[in-house]
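Enquirer: sequence and predicted structure below; questions after.
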Amino acid sequence: MIYNGLTLFADFESYYSSDYSLTRMSPAEYIMDPRFEAICLGVANAADDPPTLIDGPEIPTFVRALQERQHSQPIIMVSHNAQFDMAVMYWRFGFRPDFIIDTIAISRTLVGPLVASHSLSSVAQYFGLPAKGTVVKDVKGMTRADIKACGLWDQLVEYCKHDTWLCREIFHKMLDGISRDELILHDLLTRCTVEPVLCVDRPMLEEHYAEVVESKRQTLDKVAAMGFSKAHLMSNPQFADVLRGFGIEPPMKQSTRTGKQTYAFARQDREFTDLLEHDNIMVRTVVEARLETKSTIEETRAKRFLAISQLGFPHADGTTRENRMPMPVMIGAAHTHRVGGTWDMNVQNLGRKSRLRDALYADDGHTLLVVDSKQIEARFVAWFCEQNDLVEQFRDGTDVYADFATTVFGFPVVRKQHPVEGFVGKTGILQLQYGSGWRKFQGTVRQQTRETPTPIELSDQMAMDVVGKYRNRYSRIRDKWSKCEAALTVMKDMPGPLDAKGMRMGCVMFHKELMVGPTGLPIRFPNLRFIEGEDGERGSWWFDDGNMPRKTYGASLLETISQHCCRCIVLGAAVRLEAPMGRLGARLVHSAHDELVYHVPIAAAEDARMWAQLEMNRPPSWAPDLPLDSEVGIAVRYGDAK
């Protein structure tokens, strides 16, 4: 265990109704709503003692006893979905555990795609534990007093205690599979939500939200004048009929989830985005409208940011403060173990130019430090594939993007002087390492530069030339795709999931339907199989991600390896930085992709910069010769810390 302290398992039961629930509100809005009522709290120790029920009115007394005990002994609290339970514990009752463990995060990390859901019920079923109860459905819309009055109290008590017991049993079944560093990481990321620090510029958010809404309104007015409604844009079948009305057969693609044909109406679908340059202005208009209307994430996030920023969260100094923003991430959200967005906020995807990013800033007397691992996937792939010439270029500080562009265009490229050629070189290095074909590469370049001052449209022949020159020059990366394809066969044909004769490839090991990363985390490929193609087409590898089939192949497996290992490098740095940053009075407040965000006292900013670069540039023990580098930005606003 992390501490030699008191470990408690906790589960809250709270009031909910048809119009007041976590299905209709973010957890922050739900917990801080005036209607919130903690009906009861189930608590269990780490031994086999039966769980205890703390009645709602007695929870403050229980919390005061915990706070007294904290003076002499650390308190570790374990919950299934600790982002919720520990937020209730802190936001409503003022208690901050010394360490937080989340069994839903451990389940996503260890069990992963073996289950369709990581709910308490689903994970309990996976481990063969007694089923979760159902009485909570019967008390919908009932307060604690209502539940007692209608005779359901005893059933709810047993339900709550059973949930607490299930959490403890699940924890004991998974504890041996999770490392100390991984648990520390989970605690750090959970506190980014539970203990919000980042401030919010509400006037900027309000302005941004109004702009987004107005832009969408103007778009809908345009299509309404053409005789189409919002429904025509939002519905795939109806939008397909709109295109057919213009004599255009809707573009199709194979769904990566179902393997069946579906409409290709996304921003990354080249045949669809080509319609933005159609001769008929009405076609261009409806396609633009479709893309803008379907992209509701900015509107949704801005609205949610505004709602949450009005709530009053507790602060470490004992006060309650508004204009604070929790930064919730889902641990183990991706197959590669990268974290993902949650709470309908997707703080993992705040673009460099996002007004939402600009609206977040540091508290008085503090600044934000953002440390980003430079080109980490390209560096890792070169190292993993033993593309030693590229590795040495990274080590020497060569501009590898410009150098590849020089190979492509046949003259010395300097990116500041040759932005078009430099962009092609950069996109080639970052995308072609994962086996991208020329059409996809051509579409990526076109899409990413569409709204820039210099849009880039590569001819078919030019796109083919870039791909060919990449594969010729970086032949060891190209050859690794086929070796990864062979690894899929190994994972399929091995006799057992942990067979001692697993196949090693660099820093990862392959077993039956399982890859083990360099830090011991499992990446699972349940029901891995190869499905032969039809009519002479090449077959495909598939595995089950919960209830959904997912496609993979050699170059895709290389991408999985790369993203997982880069995750281990970046978040491993976060674990190592906990102590030195803590001594400076700084703390982690957010993690997005390859960057870590710290809230730092202004006086300690330069010391924090030194520590951040030291740890982010430190190669892991399993890749001591991997050349890493990082960039550090320091500014009061998140958007300025680039």
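Expert: Right, received. Where do you want to start?

Enquirer: buried sites along stretch 595-614?
Expert: With burial defined by 16 or more other CB atoms under 10 Å, the residues of stretch 595-614 counted as buried are 595-601, 604-605, 607-609, 611-613. Yep, even glycine has a C-beta here, placed from its N, CA and C like the rest.

Enquirer: quick check: mean pLDDT of that stretch?
Expert: Over the span of stretch 595-614, the pLDDT mean works out to 97.

Enquirer: the chain should start at 37 in everything you say after this.
Expert: Sure, I'll start numbering at 37, so the last one becomes stretch 631-650.

Enquirer: between the two ends of it, how far is it?
Expert: Taking CA to CA, to the nearest Å, stretch 631-650 runs 14 Å from one end to the other.

Enquirer: next up, the contacts around residue 374.
Expert: Residues counted as contacts of residue 374 (CB atoms under 8 Å, 6 or more residues apart in numbering) are 599, 600, 603, 629.

Enquirer: same check, this time on residue 213
Expert: For residue 213, the contact set (CB under 8 Å, 6+ apart) comprises 146, 558.

Enquirer: try residue 43
Expert: For residue 43, counting by CB under 8 Å, 6+ apart, the contacting residues are 37, 81, 82, 112, 113, 114.

Enquirer: okay, and residue 48 sits in which element?
Expert: Remark: residue 48 resides in strand 42-50, with elements defined by DSSP states H and E.

Enquirer: that strand pairs with which strands?
Expert: For strand 42-50, sheet partners with direction are given as strand 74-81 (antiparallel), strand 111-115 (parallel), following DSSP bridges.

Enquirer: out of those strands, which is the most enclosed?
Expert: strand 111-115 (a mean of 24; mean count of other CB atoms under 10 Å).

Enquirer: alpha carbons of it, in CSV - could you do that?
Expert: The C-alpha atoms that make up strand 111-115 are tabulated as CSV, following Å, rounded to 0.1, in the frame of the first residue of the first chain:
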residue,chain,number,x,y,z
ILE,A,111,-6.4,8.2,5.6
ILE,A,112,-6.7,6.3,2.3
MET,A,113,-10.1,6.3,0.7
VAL,A,114,-11.2,3.8,-2.0
SER,A,115,-14.3,4.2,-4.1
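
Enquirer: widest-spaced pair of the contacts of residue 374?
Expert: 600 and 629 (13.4 Å; CB to CB).

Enquirer: among the two, which residue is more densely surrounded?
Expert: Set residue 600 next to residue 629 and count neighbours by other CB atoms under 10 Å: residue 600 wins out with 23 against 16.

Enquirer: got a list of what the closest residue to that one other than its chain neighbours touches?
Expert: If the residues on either side of it in the chain are set aside, residue 600 comes closest to residue 372, at 4.3 Å by CB to CB, 6 or more residues apart in numbering. With contacts defined as CB under 8 Å, 6+ apart, the neighbours of residue 372 are 559, 596, 599, 600, 603.

Enquirer: wait, which of those residues is closest to residue 353?
Expert: If you rank those by distance to residue 353 using CB to CB, residue 603 comes first, at 34.2 Å.

Enquirer: skip the chain neighbours and tell me the closest residue to the closest one.
Expert: Counting by CB to CB, 6+ apart, the nearest residue to residue 603 once its immediate chain neighbours are dropped is residue 374, at 4.9 Å.

Enquirer: any idea how far that neighbour lies from residue 144?
Expert: Going from residue 374 to residue 144 by CB to CB, to the nearest Å gives 11 Å.

Enquirer: ok, now residue 239?
Expert: The spacing between residue 239 and residue 144, counted by CB to CB, is 37 Å.

Enquirer: so the two - more neighbours on which side?
Expert: Counting neighbours by other CB under 10 Å for residue 239 and for residue 144 shows that residue 144 has the greater number, 22 against 9.

Enquirer: how about residue 435, phi and psi?
Expert: Phi and psi for residue 435, reported as degrees, to the nearest 10, are phi -80, psi 90.

Enquirer: can you tell me which residues contact it?
Expert: residue 451.

Enquirer: give me the pLDDT for it.
Expert: The score at residue 435 is 96. That number is its pLDDT.

Enquirer: find the nearest non-adjacent residue to residue 442, please.
Expert: Spatial nearest neighbour of residue 442, excluding adjacent residues (CB to CB, 6+ apart): residue 449 at 4.7 Å.

Enquirer: surely the one you found meets residue 457?
Expert: Yes: proximity of residue 449 to residue 457 meets the contact threshold set by CB atoms under 8 Å, at 4.7 Å.

Enquirer: shared neighbours of the two, anything?
Expert: Shared between the contact lists of residue 449 and residue 457 (criterion: CB under 8 Å, 6+ apart) are residues residue 441.

Enquirer: just for the stretch 187-336 of the chain, where's the confidence low?
Expert: Per-residue confidence of the stretch 187-336 of the chain (counting by pLDDT under 70) places the weak regions at 292-295, 306, 330-332.

Enquirer: at which residues are the helices of it located?
Expert: When secondary structure is read from DSSP state H, counting those that start in this stretch, the stretch 187-336 of the chain shows helices at 189-210, 216-230, 238-261, 266-270, 272-281, 306-309, 317-330, 333-345.

Enquirer: narrow the contacts of residue 372 to those that are buried.
Expert: So, of those, 559, 596, 599, 600, 603 end up buried under the neighbour-count rule (16+ other CB under 10 Å).

Enquirer: just the ones of those residues in helices?
Expert: Among those, the members falling in helices are 596, 599, 600, 603 (criterion: DSSP state H).

Enquirer: can I get the residues you listed in JSON lines including pLDDT and distance to residue 199?
Expert: Written out in JSON lines, the entries for those read as follows (pLDDT from 0 to 100; distance: CB to CB, whole Å):
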{"residue": "596", "pLDDT": "96", "distance to residue 199": "34"}
{"residue": "599", "pLDDT": "96", "distance to residue 199": "34"}
{"residue": "600", "pLDDT": "97", "distance to residue 199": "32"}
{"residue": "603", "pLDDT": "97", "distance to residue 199": "31"}
